[in-house]
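In: here is the input, now give the coordinates:
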Amino acid sequence: MDITAYLNSFSKGLAEYWYELKAFLYLIFVFLSIDIDTAKTLSLLMIIDTVLGVSKTLRIKKITFDFKELLWGIVSKCTVILIPILLAVTALGLGFDFTLLVNVVFKILIVNETISALTNILSIKKRKNIKNTDYVSLLIYKLKNFLKNIINKLLKTYD
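Out: Below you'll find the predicted structure:
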């Protein structure tokens, strides 16, 4: 079964425009000089981590499965992908080259998703909820401070 037939079982409109949506996303990545293979890897790891997280909730008796929490987890993972895209758009708007920074952020997010998936596997194996370290929040704070410093330098230049 190909992706179009699978999507057709959920939404006919999404299935009809799947290739256009995919082409649009590729164009955004190319326009912003973002490595498509890295984005695919991160997306795949996010899917694996989500499946393992659901498996963990089903395996551990103390954790109850909540569809609403699953939905917000998926939305949260989708917004995490926006972090490098926002950096690339910011760089484009400021006329800077953040290519290295965007790639480093992608790699940090990949490592974070791998750690999260491994933590979920360990939780499933031990039948115990093992907390995962939130490196993404730390990354967001560091990026916020980095961009804040750039703005302060730009403002000092114009004074």
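
In: so Leu139 sits right up against Ile108, yeah?
Out: Yes - in this structure Leu139 lies within contact range of Ile108 using Cβ atoms under 8 Å: 5.7 Å. All C-beta spots, glycine's among them, are computed from the backbone N, C-alpha and C.

In: which residues does Ile108 contact?
Out: Remark: with contacts taken as Cβ atoms under 8 Å, 6 or more residues apart in numbering, Ile108 is in contact with 135, 139.

In: show the pLDDT at it.
Out: At Ile108, the predicted lDDT confidence score is 91.

In: how near is it to Val89?
Out: Here Ile108 is placed at a distance of 19 Å from Val89 (Cβ to Cβ, to the nearest Å).

In: is Asn129 part of a helix or strand, or is it coil?
Out: Assigned with DSSP: H, G, I helix; E, B strand; the rest coil, Asn129 falls in the coil class.

In: show me what contacts it?
Out: Here Asn129 is in contact with 56, 60, 62-63, 123 (criterion: Cβ under 8 Å, 6+ apart).

In: can you rerun that using 10 Å?
Out: With contact set as Cβ atoms under 10 Å, 6 or more residues apart in numbering, Asn129 has these partners: 56-57, 60, 62-63, 119-120, 123.

In: list the buried residues of the strand or helix carrying Leu21.
Out: Using DSSP states H and E, Leu21 sits within helix 18-31. Within helix 18-31, the residues scored as buried using 16 or more other Cβ atoms under 10 Å are 18, 29.
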